[in-house]
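A.B. asks: coords please:
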Amino acid sequence: MTRIHADITVSLDGFVTGPDPRPGRGLGEGGERLHYWIFGGPWTYDSPSSGQEATRADAEAAADLVDAGAVIVGRGMFDDGEQWGGENPYPMPIFVLTSRITDDLPAGFTYLSDLDSALTQAAAVAGERPVLIGGGPTVIRQCLRAGVVDRLTLHIAPVVLGGGTPLFDGGFAADLTPVRCRHSALATHLTYDLGR
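C.D. replies: You can find the predicted model right below:
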């Protein structure tokens, strides 16, 4: 059976974006600070590399992301990231979960309108490797509520955003089993198993 891993970066106060995320604003006001750990320090959409090398803990956490055999993301994340310039940034297929499948969407991605189809098709492609639920928060919450997530990784950035898009909204409760904790100056990477 294919394992389902959910993975997302969150601020210390529980937000996965800063205030006002949208196309052209990406992660919202101050939201880029969430992902300093991926880029080795400060970055922006206009200048994506800080020129610094990632720490070992951050590099290991990033390597876990590309260990998946397929990725599922939501349309909100896809659009807020400006559809990644129409190019898949991962070395595996991406399935975009959306209720708005339109003719102007870039090729190179698979668009599906329901979670069950996305999970089934992603699992078929992933084979023995896990399927990564890469965000945004709506898709992760939907998967957690459906009880399909085997493992949850939270990359906690040492920043308080004071607002934005929350990861949890009170619609999910579970006991989690700690699997791993890694940290750097830019993030604490916590991995949990969910009993299912």
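
A.B. asks: how about the top helix by length along the chain as PDB, C-alpha atoms only?
C.D. replies: In terms of residue count, the longest helix belonging to the chain (DSSP state H) is helix 115-126. The C-alpha atoms that make up helix 115-126 are tabulated as PDB, following Å, rounded to 0.1, in the frame of the first residue of the first chain:
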ATOM      1  CA  LEU A 115      -9.200  13.800  -3.900                       C
ATOM      2  CA  ASP A 116      -9.900  10.100  -4.400                       C
ATOM      3  CA  SER A 117      -8.900  10.300  -8.100                       C
ATOM      4  CA  ALA A 118      -5.800  12.300  -7.300                       C
ATOM      5  CA  LEU A 119      -4.700   9.800  -4.600                       C
ATOM      6  CA  THR A 120      -5.400   6.800  -6.900                       C
ATOM      7  CA  GLN A 121      -3.500   8.200  -9.800                       C
ATOM      8  CA  ALA A 122      -0.600   9.500  -7.700                       C
ATOM      9  CA  ALA A 123      -0.300   6.200  -6.000                       C
ATOM     10  CA  ALA A 124      -0.200   4.400  -9.400                       C
ATOM     11  CA  VAL A 125       2.700   6.600 -10.500                       C
ATOM     12  CA  ALA A 126       4.500   6.600  -7.200                       C
END
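
A.B. asks: which residue is nearest the centroid of this protein?
C.D. replies: Averaging the C-alpha coordinates of the chain gives a centre point, and the residue nearest to it by Cα atoms, centre = their mean is residue 134 (3.0 Å).

A.B. asks: quick check: beta-bridge partners of residue 133?
C.D. replies: For residue 133, the beta-bridge partners under DSSP bridges are residue 6, residue 72.
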